[in-house]
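Trainee: Take a look and give me a structure for this.
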Amino acid sequence: MRTRTPVAILVATAALATVLGGCSPSSSDAGAGSGQKVTLTVAEWTNPGAVEFTKELNAKFEKAHPGVTVTLQTAPTANAAWQQLWNSMLQSKSVDVLAQFAPTQQGFAPDYTNLKPGGSSALVASGQLTDLKDQPFMKKYDPEVQAAAVGYQGGVYGVMAAQYVGAGGLWYKKDLLAKHGLSVPTTYQEFLDACEKLKKAGITPIFVSAKDGMHGGVWQGIANQMIMKGRQPSESVKVSEDRATAFWKGTQSWTDPVYREISERHTKIMEYIEPNASGVSQQTAPGVWATQADNYPFLLDGSWDGLTIQQANPKLNLGFFTLPGTDDPAANRVAFKPDLTWVVPASSRHKDLAMEWLAMFSEPGNYKKWLEKTGSLSTQTAVRNTELPWMDWLNTHMGDAFPQLSDPWTPAGAPIDAKGPDLYKMTPIGGDSIDTILSRSASAYRKSVGR
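Mentor: Here you go, the predicted structure:
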């Protein structure tokens, strides 16, 4: 749902801490419809399709609520601007509907770990968000999906409105594949063969922003499919929990054979990426890729960037699929990531209006427009995925999709290596071998948990 950059968050300007004007200090929505002006404040990170939709919804909400003005605050996720904005708005109690990244159950480690929740999870655990479980509009959403995304101790502390394919997501140019007699690969070996054929034809197969870590999607995508092979989609949350427990107790490690095989497969695919990928920015990658119709058949990027790609080249015959990480087509399923989640801070000064805004957002007609603007996969049970042309493959394969696996638990401040292999340093982007990288990660994890 955003221009994604997996780089570390930096400090943004202090100007964002200014308290927004117009909010009544009293609770609720005294004055709405009575002539007294009320300002409802909505905040989300910068994403063209999402922001465009939200502005349209805000205008519709104002029309239905005389005397209410809806103010939209946005900031990009890069360089900590978004985190700084929402932190300052919560501190000043000046936001009523706030976008957050779904914490998922990974954010709530078992008590025996003594790990404290952070980020969105900390807001939930500390009582700073409102439980929405019993709100009528929540009936439109899949309760299991919502509970997995933002559930805590029986409550549901948000509306997870967007989910995307990130790990292993591949955009492709349909006409370019057809020109070389290729169709969408269904196995890992077929994908390698397609890349080799394209390379021999003088084409660089894969464009990716390795500068901002997007090449990690190869490793993560393969890992999701290999580890979930033979399991039902509904088991993914438990698989993540079992793996995290095994890591914590020392019965599983980054040096286990499965992670070496994942790394080997990752390395082979990386041989087909743009040679200068380490200098490619994630913010520019989709547009650059879209405009080069005769090169780079594949773009490694999340499904959230559809609008950006189409705006850069409206004539592009665009497709999307998931990198096949195994040689078993049935195991190469879609792994999606819970994403933008609307929450209502406990400090909201207009909580009733916030609930009405979420109810309007959740109306099937409005929600369908949200899907069309953002390219999100639907989280409502009665509203299916959009008819965007590039979603044909996803629409066919969502029946057995599953939430992507989460990383093992690590204490705050743990080194990057503890969370998994440092793919910036692994060959061929970096100079370190697979064994060196995995050994370093295993050692870092053991030290981070005091073992």
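
Trainee: so who does the residue most central in space within the chain touch?
Mentor: The centroid of the chain falls nearest to Asp339 when counting by CA atoms, centre = their mean (4.5 Å). Counting by CB atoms under 8 Å, 6 or more residues apart in numbering, Asp339 makes contact with Met1, Phe101, Ala102, Met160, Ala162, Gln163, Tyr164, Trp304, Ser376. Bear in mind the C-beta positions are built from the backbone N, C-alpha and C, glycine included.

Trainee: Report the buried residues of stretch 369-383.
Mentor: 369-380, 383 (16 or more other CB atoms under 10 Å).

Trainee: Could you export those to TSV, including columns for pLDDT?
Mentor: Shown next, in TSV, are the buried residues of stretch 369-383 (pLDDT from 0 to 100):
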residue	pLDDT
Lys369	95
Trp370	96
Leu371	94
Glu372	90
Lys373	90
Thr374	91
Gly375	88
Ser376	92
Leu377	92
Ser378	93
Thr379	94
Gln380	95
Val383	93
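
Trainee: phi, psi of the residue nearest to the centre of the chain?
Mentor: Backbone torsions for Asp339, taken as degrees, to the nearest 10, come to phi -130, psi -120.

Trainee: With Asp256 instead?
Mentor: With angles defined as degrees, to the nearest 10, Asp256 sits at phi -60, psi 150.

Trainee: burial of it, as a residue count?
Mentor: Per other CB atoms under 10 Å, the neighbour tally for Asp256 reads 15.

Trainee: Return the residues in contact with the nearest residue in space to Pro403 that is not next to it in sequence.
Mentor: Excluding the flanking residues, the one nearest Pro403 by CB to CB, 6 or more residues apart in numbering is Ser236, at 5.0 Å. For Ser236, the contact set (CB under 8 Å, 6+ apart) comprises Met228, Ala335, Phe402, Pro403, Gln404, Leu405.

Trainee: ok, the residues you listed vs Pro110, which is closest?
Mentor: Relative to Pro110, the closest of the contacts of Ser236 is Leu405; by CB to CB it sits at 17.4 Å.

Trainee: Spit out the contact partners of that closest one.
Mentor: Ala223, Asn224, Ile227, Met228, Ser236, Val239, Ser240, Arg243, Ala335.

Trainee: any idea which of the residues you listed is the one closest to Ile416?
Mentor: Among the contacts of Leu405, and counting by CB to CB, the member closest to Ile416 is Ala223, at 16.4 Å.

Trainee: Check which helix or strand the closest one maps to.
Mentor: helix 216-228 (DSSP states H and E).

Trainee: From the chain's centroid, how far away is that helix?
Mentor: Centre-to-centre, helix 216-228 and its host chain are 15 Å apart (CA atoms, centre = their mean, to the nearest Å).

Trainee: Which elements pack onto it?
Mentor: helix 236-249, helix 257-270, strand 335-338 (3 or more CB pairs under 8 Å, 6 or more residues apart in numbering; DSSP states H and E).

Trainee: out of the ones you listed, which comes closest to Val68?
Mentor: strand 335-338 (30.0 Å).

Trainee: Compare the contacts of Leu405 and tell me which has the most neighbours.
Mentor: Busiest of the contacts of Leu405 [other CB under 10 Å] is Asn224, holding 28 neighbours.

Trainee: Which element, helix or strand, includes Val70?
Mentor: Going by DSSP H and E, Val70 is part of strand 68-75.

Trainee: just to revisit the earlier point, reformat the contacts of Asp339 as TSV; add distance to His180 and secondary structure.
Mentor: Converted to TSV, the contacts of Asp339 look like this (distance: CB to CB, whole Å; DSSP: H, G, I helix; E, B strand; the rest coil):
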residue	distance to His180	secondary structure
Met1	33	coil
Phe101	38	strand
Ala102	39	coil
Met160	39	strand
Ala162	34	coil
Gln163	32	strand
Tyr164	28	strand
Trp304	28	helix
Ser376	31	coil
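
Trainee: who does the longest helix seen in the chain touch, helix- and strand-wise?
Mentor: Longest helix of the chain, by residue count under DSSP state H: helix 48-64. Contact partners of helix 48-64 among helices and strands, from 3+ CB pairs under 8 Å, 6+ apart: strand 38-45, strand 68-75, helix 306-312, helix 351-362, helix 364-374.

Trainee: Using CSV, write down the CA coordinates of it.
Mentor: This file holds the C-alpha atoms of helix 48-64, laid out as CSV (Å, rounded to 0.1, in the frame of the first residue of the first chain):
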residue,chain,number,x,y,z
PRO,A,48,-1.3,7.2,-5.1
GLY,A,49,-4.3,4.9,-5.4
ALA,A,50,-5.1,4.8,-1.7
VAL,A,51,-4.8,8.5,-1.2
GLU,A,52,-7.0,9.2,-4.3
PHE,A,53,-9.7,6.8,-3.0
THR,A,54,-9.6,8.3,0.5
LYS,A,55,-10.1,11.8,-0.7
GLU,A,56,-13.1,10.7,-2.7
LEU,A,57,-14.5,8.9,0.3
ASN,A,58,-13.9,11.9,2.5
ALA,A,59,-15.9,14.1,0.1
LYS,A,60,-18.7,11.6,0.2
PHE,A,61,-18.6,11.4,4.0
GLU,A,62,-18.8,15.2,4.3
LYS,A,63,-21.8,15.3,2.0
ALA,A,64,-23.6,12.7,4.2
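
Trainee: No further queries at this time; thank you.
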